[in-house]
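Chemist: after the sequence you'll find the predicted model.
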Amino acid sequence: PCTRSSTPSANPRASKLQTIFKRDSPLIPVTLTLDQVMEYESAFRMYDINGDGVISVLEFKTLLHTVGLKPSDEEVMEMIESVDIDDNGVLSLCEFIRLMSNKHKPFVTPKAQFEAVFRAFDSDGNGQLSREEFKKSLFSVGQRCSEDEFENLMGELDRNMDGRISKKEFLSVFLTQVANRASSSA
């Protein structure tokens, strides 16, 4: 695997990733830790909008646009082709990790990931998520929850209890969770 560790993981997701990377380890930089690989895998799932297991040119271009980059179609294709080992014109998980871990690390920092999610959820672009916007966005990415679960999630995110989730509230909650995970694994 990426960490070149033979220790089995108790985390099922990590075990699955270790299996994938045993098979595809020549494609993955040796310097990555399993935690880094798991972060890249989370970003991959987020940007694999249709859930087909690959990131298409359009999905990758969307990723770049959500982090404020506006590359030409030719530049996007060059980036994909630089790691597209099987020449199928899309990014597999391993190819995505290779691309992101090379020269494009800033694209998938946790803050950039959550800012991109917020922008994608903020359909009217007003910098706040209404209850309806948030519920619709969760549904669109396959997150089904009961009304009680939704209310609990809104309560956790809507810190000032105004019925809307600001970008600051959204980032605060998720970046705190990332920091807590990082400190608990250290």
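Modeler: Alright, I've got the coordinates. This structure is a prediction, so every number in the text was calculated from the model and none was measured.
Chemist: wait, what's in contact with the residue nearest to Leu63 when sequence neighbours are not counted?
Modeler: Spatially, and ignoring its direct neighbours in sequence, Leu63 is nearest to Tyr47 (4.6 Å; C-beta to C-beta, 6 or more residues apart in numbering). To be clear about C-beta, it is placed using only N, CA and C from the backbone, and glycine gets the same treatment. Counting by C-beta atoms under 8 Å, 6 or more residues apart in numbering, Tyr47 makes contact with 55, 59-60, 62-63.
Chemist: and stretch 112-124, C-alpha only, in PDB?
Modeler: Output in PDB follows, covering the C-alpha atoms of stretch 112-124 (Å, rounded to 0.1, in the frame of the first residue of the first chain):
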ATOM      1  CA  ALA A 112     -10.700  23.700  -0.300                       C
ATOM      2  CA  GLN A 113     -12.800  20.600  -0.200                       C
ATOM      3  CA  PHE A 114     -15.400  22.000   2.100                       C
ATOM      4  CA  GLU A 115     -15.400  25.400   0.400                       C
ATOM      5  CA  ALA A 116     -16.100  23.600  -2.900                       C
ATOM      6  CA  VAL A 117     -18.900  21.600  -1.300                       C
ATOM      7  CA  PHE A 118     -20.400  24.800   0.200                       C
ATOM      8  CA  ARG A 119     -20.300  26.500  -3.200                       C
ATOM      9  CA  ALA A 120     -21.900  23.500  -4.900                       C
ATOM     10  CA  PHE A 121     -24.600  23.400  -2.200                       C
ATOM     11  CA  ASP A 122     -25.200  27.200  -2.400                       C
ATOM     12  CA  SER A 123     -27.300  27.100  -5.500                       C
ATOM     13  CA  ASP A 124     -28.400  30.700  -5.400                       C
END
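Chemist: next, the buried residues of it.
Modeler: Neighbour-count burial for stretch 112-124, counted by 16 or more other C-beta atoms under 10 Å, picks out 112-122.
Chemist: equivalent analysis for stretch 90-107, please.
Modeler: Within stretch 90-107, the residues scored as buried using 16+ other C-beta under 10 Å are 90-101, 104, 107.
Chemist: which one of these is nearest to Ser172?
Modeler: Taking C-beta to C-beta as the measure, Ser172 sits nearest to Phe107 out of these, at 21.6 Å.
Chemist: coming back round to it: and the buried residues of stretch 90-107, which two are the farthest apart?
Modeler: Val90 and Ser101 (18.1 Å).
Chemist: tell me the SS of Asn50?
Modeler: In three-state terms, and counting by DSSP: H, G, I helix; E, B strand; the rest coil, Asn50 is coil.
Chemist: so what's the residue count around it?
Modeler: Look at Asn50: counted by other C-beta atoms under 10 Å, it has 10 neighbours.
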